[in-house]
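Visitor: pasting the sequence and the predicted model now:
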Amino acid sequence: MKTKDKSNIHTISFLVANKPGVLVRVALVFARRGYNIDSLVVSPSLNEKFSRMTITAQGDPEILDQIIKQASKLVDVICAGEHSEEDAVAREMMLVKVKYTSTSKAIILKQVKKYQTSIIDEDDNTIIISQIGTTDDLDEFEEILKKHVVIEMVRSGKLVMVKGQEST
């Protein structure tokens with residue numbers, strides 16, 4: 001299984017104007033500091049004038065704090081902030097296409113049940129599995145599936161929502 005230094009992984013959410021070019025400008029703030037964006041999710045908010053952006057990146061907390069402050073100064077960024085596991089709920093989604101044989105199908109179906117995943121498509125020798133969970137949940141299931149013939153896999157970025165009544 002992948003071992004990650006969780007203290008080094010940061011989840012940052014932005015409320016931005018829903019306009020062309022905003023994503024590029026925010027991404028450039030990361031790029032100029034030499035930071036890679038590990039995961040990115042952007043979608044319209046309840047108010048169609050705004051979009052919610054969630055970025056996951058690894059790095060020095062002080063530099064990422066500077067990145068957040070710098071990005072917050074961009075004209076189309078309404079607000080930005082980092083979220084911890086304690087103050088927010090985070091989920092990802094994964095789709096995996098696995099090739100199976102008559103013998104491996106039963107094993108795969110047992111794992112699908114154990115990990116509370118869903119079968120969303122199946123034909124004579126492939127199955128597409130959907131899983132929604134934490135990053136750790138998806139990492140663990142991904143490792144289990146590597147024992148089989150994985151044809152294709154895609155993961156969403158991390159979605160995050162602050163706990164309680166406060167808005168993300």
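Guide: Received the coordinates, thanks. Residues are numbered from 1 along each chain as shown.

Visitor: break this structure down into its structural domains.
Guide: Structural domains assigned to the chain are 6-83, 89-160, following automatic domain parsing.

Visitor: so what's the nearest residue to I151 once chain neighbours are set aside bridging to?
Guide: Spatial nearest neighbour of I151, excluding adjacent residues (Cβ to Cβ, 6 or more residues apart in numbering): K97 at 4.4 Å. (Glycine included, C-beta is placed from N, CA and C.) Following DSSP bridges, K97 is listed with bridge partners I128, E152.

Visitor: need the contact list for K97.
Guide: By Cβ atoms under 8 Å, 6 or more residues apart in numbering, K97 lies in contact with T126, I127, I128, I129, V150, I151, E152, M153.

Visitor: buried ones in the helix or strand bottoming out on mean pLDDT in the chain?
Guide: Lowest by mean pLDDT, DSSP states H and E among the helices and strands of the chain is helix 102-114, with a mean of 91. Using 16 or more other Cβ atoms under 10 Å as the burial criterion, the residues of helix 102-114 that qualify are S104, I108, Q111, V112.

Visitor: which of these sits closest to G34?
Guide: Q111 (39.1 Å; Cβ to Cβ).

Visitor: could you find the closest non-adjacent residue to the closest one?
Guide: I144 is the one closest to Q111 (Cβ to Cβ, 6+ apart), at 5.7 Å.

Visitor: same deal with I68?
Guide: Per Cβ to Cβ, 6+ apart, closest to I68 is A80, 5.1 Å.

Visitor: residue contacts, that neighbour?
Guide: I12, S13, F14, L15, I68, A71, S72 are the contacts of A80 under Cβ under 8 Å, 6+ apart.

Visitor: so which residues of this protein form helices?
Guide: With DSSP state H as the criterion, the chain has helices at 22-32, 61-72, 102-114, 135-145.

Visitor: Q165: which of those is closest?
Guide: helix 61-72 (22.7 Å).

Visitor: just the angle between the closest one and helix 22-32, please?
Guide: If you take axes from the mean of the first three to the mean of the last three Cα atoms, to 10 degrees, helix 61-72 sits at 150 degrees to helix 22-32.

Visitor: average pLDDT for helix 61-72?
Guide: Average pLDDT, helix 61-72: 95.

Visitor: which parts of it are buried?
Guide: Here helix 61-72 shows L64, I67, I68, Q70, A71 as buried, counting by 16+ other Cβ under 10 Å.

Visitor: repeat that for stretch 143-154.
Guide: Going by 16+ other Cβ under 10 Å, stretch 143-154 has these buried residues: L145, H148.
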